[in-house]
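Trainee: Dropping a prediction and its sequence here:
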Amino acid sequence: MTVTLGELAVRFGCELHGDPAVTVDSVAALSQAGPRSITFLANSKYVAQLAGTRAGAVILDAKSAADSPVPVLVVTNPHATYARIATLLHPDPPLRPGVHPAATVAGDAVVDPTAEIAAQAYIGDGAHIGARCFIGPGSVIERGAQIGDDSRFLARAFVGHHVVFGKRCIVQPGAVIGGDGFGYASEKGTWVKVPQIGSVRVGDDVEIGANTTIDRGALEDTVIEEGVKLDNLIMIAHNVRIGAHSALAACVAIAGSCVLGKRCVLGGKAGLSGHLTLCDDVVVLGTSFISHSISKPGVYSSALPSEEAGTWRRIVGRIKRLDSMARRMRAVEKHVGFSAVDRDSSED
Amino acid sequence: MTVTLGELAVRFGCELHGDPAVTVDSVAALSQAGPRSITFLANSKYVAQLAGTRAGAVILDAKSAADSPVPVLVVTNPHATYARIATLLHPDPPLRPGVHPAATVAGDAVVDPTAEIAAQAYIGDGAHIGARCFIGPGSVIERGAQIGDDSRFLARAFVGHHVVFGKRCIVQPGAVIGGDGFGYASEKGTWVKVPQIGSVRVGDDVEIGANTTIDRGALEDTVIEEGVKLDNLIMIAHNVRIGAHSALAACVAIAGSCVLGKRCVLGGKAGLSGHLTLCDDVVVLGTSFISHSISKPGVYSSALPSEEAGTWRRIVGRIKRLDSMARRMRAVEKHVGFSAVDRDSSED
Amino acid sequence: MTVTLGELAVRFGCELHGDPAVTVDSVAALSQAGPRSITFLANSKYVAQLAGTRAGAVILDAKSAADSPVPVLVVTNPHATYARIATLLHPDPPLRPGVHPAATVAGDAVVDPTAEIAAQAYIGDGAHIGARCFIGPGSVIERGAQIGDDSRFLARAFVGHHVVFGKRCIVQPGAVIGGDGFGYASEKGTWVKVPQIGSVRVGDDVEIGANTTIDRGALEDTVIEEGVKLDNLIMIAHNVRIGAHSALAACVAIAGSCVLGKRCVLGGKAGLSGHLTLCDDVVVLGTSFISHSISKPGVYSSALPSEEAGTWRRIVGRIKRLDSMARRMRAVEKHVGFSAVDRDSSED
């Protein structure tokens, strides 16, 4: 769609430096943008790249505005305003309300007439699909599940029986919400399945990535609070609670019954042992392993960066002999009759 | 469903302390259970929580039975008995035998008349679906695959051609059993695909988690023995064999041709290099990496718990300089004319 | 199918030692092969196993040819020739050109008449399916996507709108190519979704594993160059470029905007931080974490092999106190008035 800079400034509360009649119809990267595109600069340290832009306009904070050779929309958070303008200029295709003839909807399911149920989708008994929802091709919404208004399941998602979704959620292809949790009783060297009779409750404005899995609770529900963003291939085990507005990068795994606070951020491949509590505002760096609860906001890590393989092999050898090295240290200290003041007396 | 404590005691071999006419219709957590619910206490160290329960009955071992203010079913393994009672009280919905009109079944597939083939499912040429099976919506069972009696594919599972499943298996949504193994011949900097002409054989009573993938063998079959439980997002590569009654937590990855013994337990995100053998009863802690075969039952780990990021960065710096530190240690020992008796002579 | 050794020698450029009229109809492992099977020996160090083979023929390099008791096809790369002969003897079932009545194809999609669209597949508006393609059951090809000739989507794959695939690609079940990238602007403790308006471009001869996810670009495209092989459960984030003929083992995760050179090989569970560049011919060992760009071909690792858990716990304790140990070392050196020449002066 085409829009004038004047309209954008009014709609998104920006101060406009430049001609309000200039029109744009797309967003683009700073280096690629032509005269019909609007772009942005999230970080003022890249301000030097502004000089050569051929964009129709740039979204900037006040500090950088004077440096632009083209019209500027000035805002305090250029990235967020860029996101909103990009959403306006590149909308999803309009819904085609109704049930596609190749979809299957159980007789007593309730589908809002403004929702679109795509081909090959399946809606089970007693499920409830809210207004303006999109249930994409191949998606399965089981019996009794409830999907809040304006939620979109792109394709081939699975929503288990009696799972409840809030409004404006987005679920990428292949995500599985509400499969059984992994629960067994041990008995004479074999496993007896423990029925997983809890459900999953997902708040408003949650996004769930491709092929991510969220298990239903054993007795109580697994809970994803509002505004949570989950990347691809994440595992959320039964009875976990993810606090509002937390963001988990790809391949994170959260073991059963963990409780994460609000606004936690977990880097890719991070993992949590079961039954842990993380307070609000915890950041875990990528690939790190959390084995204890965290009660203090901050950044945590156990990431181990790679070395050239020969060097690394030598380091691993040293790691494996650390106990021996510590004993040698103690022996030398004893031999020379000296030990440093900061020595941890619990060490040996 | 509703059942009396007397009936439960007879059916599950419990000793009943209390009125056999009391009825229950659900299971619940100890703290949540009301008078129509039955609950359990797996661990006698939580026995203090019993005092306040309002449950209709509690499943306990003999040691804790006297402490209950409500009727007790006494058994040696309360968790396993709880699992069975929960299964009785919260059954799966009854099957609707037959092929849904929106399913596709190839003409020469054999579907037992007691099985249910749900909407949008696909059954290929010559496949065989056993008695009382449930092939859920969107599932794909390829040509020549065989599914044993009473097995359930919840939804959107994939079973490759000629894969064989035992009885009473449960497959969570999105699982892929029998995709091609990852096999290529290297040739002048490119890869030539090696056809994967083996299959996958899955024993009785196996459960496979959501979005888990099990590759077919290159020549011989990949094998999952009876009673194995696989959590979500697990990778089992070609020609692996998983021993009976092993349990693998989420995100475990087993590289090609590994052989695991019986009753192995792997924690979440554990990984195995290719061509390893693990004996029976090996336990691998979460996130650990196994690079060598293991011939002794026991617990193995390389998990590295996180620290505050600044502290961790400092530790990583020390790790990277361990070689230098070891040389300094040797030099100091030499300088003072002393080296500890337990020094490993192979170190420097 | 059945073929003579003479035909195989001509077709695949081998030197035949033995009777050209001998026929074979299958491939098999060296130890399993009977007189109707052909087998191979990739590595001359296993040549002793040749003596007992009952195979109809063996594919060998010149060095090992004299040791075979049965006919030999001599070639420089037995593994690659084996792969090609196995493909010939064990072909995919022939395509059934046309659109299955239970598939859904949008009116303006273009499907080559030689392609097969299987049951429960979905082809969106304006999509283009090339000659001799196989779009397996339950696959979703969204609007505007283009699939090159001879590409095969086994089942339940997802290809997002406007994604472009080259020729002869193979996509295993459950793979998701072209879901949204994970992009949000932070605003007052919440997240604003950044539309992902780039696409994914996949070159010729690419194979993508089961349940692997490749996100579409934020603005520019995510690119998988020709000949790349991706195993199962891999995560490729938005705007990544994977260089030609690279091979990534299962559960690898590549964060956003990484650029990998040609012929890179990443072991299972390896992970890359965002915005890194790897030059051509980088090898990363399994489970390793790459946090910096690599400009020198070679092998890199941070893999940490497991120990018996008690031993490992003691080592972890030592690792956590490495800083203290380094200070004690410095103090002892000072006390004895000596410090080794190779001491890194930046250490304390």
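Mentor: Everything's here; your move.
Trainee: Around chain C, pick out the residues from the stretch 101-250 of chain A.
Mentor: A:102, A:118-120, A:136-138, A:154-156, A:170, A:172-174, A:207, A:209-211, A:227, A:229, A:231-233, A:245, A:247, A:249-250 (Cβ under 8 Å from any Cβ of the partner chain). (Glycine included, C-beta is placed from N, CA and C.)
Trainee: just checking, which of those belong to helices?
Mentor: Counting by DSSP state H, these place none of their members in helices.
Trainee: Output the contacting helices and strands for the lowest-mean-pLDDT helix or strand in chain A.
Mentor: One helix or strand of chain A scores below all others by mean pLDDT, DSSP states H and E: helix A:322-336, with a mean of 89. Applying 3 or more Cβ pairs under 8 Å, 6 or more residues apart in numbering or on different chains; DSSP states H and E, we find helix A:322-336 packed against helix B:322-336, helix C:309-320, helix C:322-336.
Trainee: That one to helix C:322-336, inter-axis angle?
Mentor: 30 degrees (axes from the mean of the first three to the mean of the last three Cα atoms, to 10 degrees).
Trainee: What are the buried residues along helix A:322-336?
Mentor: A:Leu322, A:Ser324, A:Met325, A:Ala326, A:Arg327, A:Arg328, A:Met329, A:Arg330, A:Ala331, A:Val332, A:Glu333, A:His335 (16 or more other Cβ atoms under 10 Å in any protein chain shown).
Trainee: now those as a markdown table including distance to C:Leu88?
Mentor: Converted to a markdown table, the buried residues of helix A:322-336 look like this (distance: Cβ to Cβ, whole Å):
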| residue | distance to C:Leu88 |
| --- | --- |
| A:Leu322 | 55 |
| A:Ser324 | 57 |
| A:Met325 | 58 |
| A:Ala326 | 61 |
| A:Arg327 | 63 |
| A:Arg328 | 63 |
| A:Met329 | 65 |
| A:Arg330 | 67 |
| A:Ala331 | 68 |
| A:Val332 | 68 |
| A:Glu333 | 71 |
| A:His335 | 73 |
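Trainee: Looking at those, spot the one nearest chain B.
Mentor: Nearest to chain B among those: A:Ala331, at 3.5 Å, using Cβ to the nearest Cβ.
Trainee: ranges for the helices of chain A?
Mentor: For chain A, the helices defined by DSSP H cover A:5-12, A:78-89, A:309-320, A:322-336.
Trainee: And those helices: which comes nearest C:Ala80?
Mentor: helix A:309-320 (26.5 Å; Cβ to Cβ).
Trainee: elements contacting that closest one?
Mentor: Using 3+ Cβ pairs under 8 Å, 6+ apart, helix A:309-320 sits against helix B:309-320, helix B:322-336, strand C:298-301, helix C:309-320.
Trainee: Report whether stretch A:113-126 contacts chain B.
Mentor: Yes: Stretch A:113-126 lies within reach of chain B by Cβ under 8 Å from any Cβ, at A:Gln120, A:Ala121, A:Tyr122, A:Gly124.
Trainee: Determine which two of those residues are furthest apart.
Mentor: A:Gln120 and A:Gly124, at 14.6 Å, using Cβ to Cβ across the residues of stretch A:113-126 next to chain B.
Trainee: In terms of neighbours, single out the busier of those two.
Mentor: Neighbour tally, A:Gln120 and A:Gly124, criterion other Cβ atoms under 10 Å in any protein chain shown: the higher count belongs to A:Gln120, 32 against 24.
Trainee: Tell me the confidence at that one?
Mentor: Turning to A:Gln120, the model gives it a pLDDT of 98.
Trainee: again, but for A:Asp348
Mentor: A:Asp348 is given a pLDDT of 41.
Trainee: From chain B, how far off is A:Ser31?
Mentor: Here the criterion is Cβ to the nearest Cβ, to the nearest Å. By it, A:Ser31 lies 32 Å from chain B.
Trainee: Can you get me a residue count around the nearest residue to that residue once chain neighbours are set aside?
Mentor: Nearest non-adjacent residue to A:Ser31, counting by Cβ to Cβ, 6 or more residues apart in numbering or on different chains: A:Gln49, 7.1 Å away. A:Gln49 has 12 neighbours, counted by other Cβ under 10 Å.
Trainee: A:Gln49: what's it in contact with?
Mentor: A:Leu30, A:Ser31, A:Leu41 (Cβ atoms under 8 Å, 6 or more residues apart in numbering or on different chains).
Trainee: List buried members of the residues you listed by neighbour count.
Mentor: Buried among the contacts of A:Gln49 by 16+ other Cβ under 10 Å: A:Leu30, A:Leu41.
Trainee: Out of the contacts of A:Gln49, which comes closest to C:Glu7?
Mentor: Relative to C:Glu7, and with distances defined as Cβ to Cβ, the nearest of these is A:Ser31, at 56.0 Å.
Trainee: ok so, going back, could you dump the helices of chain A into CSV and include distance to B:Gly179?
Mentor: What follows is the helices of chain A, written out as CSV (distance: least, Cβ to Cβ, whole Å):
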stretch, distance to B:Gly179
helix A:5-12, 46
helix A:78-89, 36
helix A:309-320, 30
helix A:322-336, 42
